[in-house]
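[1] The sequence and its predicted three-dimensional model are supplied below.
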Amino acid sequence: MNSKLLFYEKQQFRQWWLWLLLAVINVVMVYPLIVNIATVRMPAMAGETILMLVTFWLWRLALVTKIDEKGISVKFEGFHRDFKFYDWKNIDYCEIKKYNPIMDYGGWGIRIGAYNVSGNTGVLIYFKDGKKLMLGTNKEDELFTALNQIESKNPS
């Protein structure tokens, strides 16, 4: 039986400064290849190809979060093949809170105790076994509404 989806978010790395930096690096590496196309060596072409593949991969990375009546599912597309599922039975409680990605978790991406892509707001999940997990969000209000719906259906 499928459970009703209460929250869905797909976040991608779209920070202007990241893409400006990657664009500059790509242009700096491609320009000499174009200007000196006749004298280009294979290692230079291989390096630029790898850089372009990494740039494409970063463009495709996405954090997908789903919340339904059964639990919370998260997948970092580009790393995870399947969703990681966290059953409500194993979750003590959740709170939406502000955090500092660099100071609290060492940056963005898949971190120890966190999945985040942008911003500084997330849901901190407290598990019954004492572990915690922060999931970043850019849809704070929608997330709050979904968690309230779960709480009203399953009061402690």
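    Received, thanks.
[2] what residues are up against Gly113?
    Contact analysis of Gly113 by Cβ atoms under 8 Å, 6 or more residues apart in numbering lists 105, 132-134. All C-beta spots, glycine's among them, are computed from the backbone N, C-alpha and C.
[3] Among these, which one lies nearest to Thr121?
    Nearest to Thr121 among the contacts of Gly113: Met134, at 9.9 Å, using Cβ to Cβ.
[4] Helix, strand, or coil at that closest one?
    Under DSSP: H, G, I helix; E, B strand; the rest coil, Met134 falls in the strand class.
[5] give the contact list for it.
    99, 104-105, 113-116, 122-125.
[6] let's see it at 7 Å
    99, 105, 113-114, 116, 122, 124 (Cβ atoms under 7 Å, 6 or more residues apart in numbering).
[7] same deal with Asp141?
    Here Asp141 is in contact with no residue (Cβ under 7 Å, 6+ apart).
[8] tell me the mean pLDDT over whichever strand or helix holds it?
    For Asp141, the host element (DSSP states H and E) is helix 140-153. Summarised as a single mean, pLDDT over helix 140-153 is 90.
[9] okay, the angle between it and strand 132-136?
    Interaxial angle of helix 140-153 relative to strand 132-136 (axes from the mean of the first three to the mean of the last three Cα atoms, to 10 degrees): 140 degrees.
[10] let's number from 13 now, not from 1
    In the new count, where the first residue is 13, that last one comes out as helix 152-165.
[11] quick one: helix 152-165 to chain centroid distance?
    Taking the mean of its C-alpha atoms, helix 152-165 sits 21 Å from the chain's own mean (Cα atoms, centre = their mean, to the nearest Å).
[12] List the buried residues of it.
    Across helix 152-165, burial judged by 16 or more other Cβ atoms under 10 Å covers 155, 158-159, 162.
[13] which one among the contacts of Met146 gets closest to Val76?
    For the contacts of Met146, the nearest to Val76 is Asn128 (12.9 Å; Cβ to Cβ).
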